[in-house]
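A.B. asks: Predicted model and sequence below, questions to follow.
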Amino acid sequence: MAQHRPPLAATPNVPTVSPVLQTFLDSLPNPAYLKTPRWDVVAWNSAAVALFGDYALMPPNERNSLWLTFVDPRYRQMRPDWEQGARQALAKFRLDHSQANGDPAFDALVEALRAASVEFRHWWPRQDVTERSEGIKRFRHETWGEVEFAYTTFLVEGASELRLVTFTPPDGACRAPRL
């Protein structure tokens with residue numbers, strides 16, 4: 001409320017991340033996290049913390065990739081091509097929203113975003129949709145400077161409510177820049 005934006009609705013039931021899945025995530029050298037179909041970030045590795053900030057320090061109901069993209073000023077500053085990336089994220093989220101079968105948690109997120117972000121409010125009615133789950137993202141990092149990552153998203157077998165999002169240097173380097 002201090003930033004004149006409504007609080008994000010409570011995060012719905014958080015899926016359980018098994019110790020094996022968390023160990024796998026921790027073993028990845030590059031940024032990676034697990035998210036739900038509603039884009040709630042539920043697990044992450046240390047490289048993701050180095051790139052995006054410490055999710056553990058965020059209120060659980062704000063650990064949502066779309067919320068962070070549209071509402072958090074730090075995330076907006078991180079992306080040199082914020083508008084293009086935000087529009088693309090919204091088009092992908094719209095597909096996930098359409099498959100949610102009227103889940104009230106999705107609708108609550110949309111309403112909170114409409115209240116908190118002028119851009120979201122203007123772009124949501126446009127009905128843009130994409131299935132794209134991979135591409136290139138550029139970031140401005142306070143230590144690394146401007147960096148580029150190829151990202152891709154995988155469904156987690158046996159946990160259909162989880163998706164693994166990974167970021168790798170597009171030039172084939174084996175790991176993210178070191179802090």
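C.D. replies: Great, that's in hand.
A.B. asks: can you pull out the helices in this structure?
C.D. replies: 19-27, 46-52, 65-71, 73-78, 82-98, 104-116, 118-123 (DSSP state H).
A.B. asks: which of those helices is buried the deepest?
C.D. replies: helix 65-71 (a mean of 23; mean count of other CB atoms under 10 Å). C-betas here are computed from N, CA, C, even on glycine.
A.B. asks: Give me the packing partners of it, helices and strands only.
C.D. replies: In terms of contacts (3 or more CB pairs under 8 Å, 6 or more residues apart in numbering; DSSP states H and E), helix 65-71 is packed against helix 73-78, helix 82-98, helix 104-116.
A.B. asks: Can you tell me how far Ser46 is from Ala91?
C.D. replies: As judged by CB to CB, to the nearest Å, Ser46 and Ala91 stand 30 Å apart.
A.B. asks: same question, Ser160
C.D. replies: Look at Ser160 and Ala91: by CB to CB, they are 22 Å apart.
A.B. asks: Flag every buried residue along the longest strand seen in the chain.
C.D. replies: Looking across the chain with DSSP state E, the single longest strand is strand 145-156. For strand 145-156, the neighbour count (16 or more other CB atoms under 10 Å) marks Val147, Phe149, Ala150, Tyr151, Val156 as buried.
A.B. asks: for those, which one is nearest Phe52?
C.D. replies: When the buried residues of strand 145-156 are compared for distance to Phe52 (CB to CB), Phe149 wins out at 11.1 Å.
A.B. asks: so that closest one sits right up against Glu134, yeah?
C.D. replies: No: counting by CB atoms under 8 Å, Phe149 stays clear of Glu134, with 10.9 Å between them.
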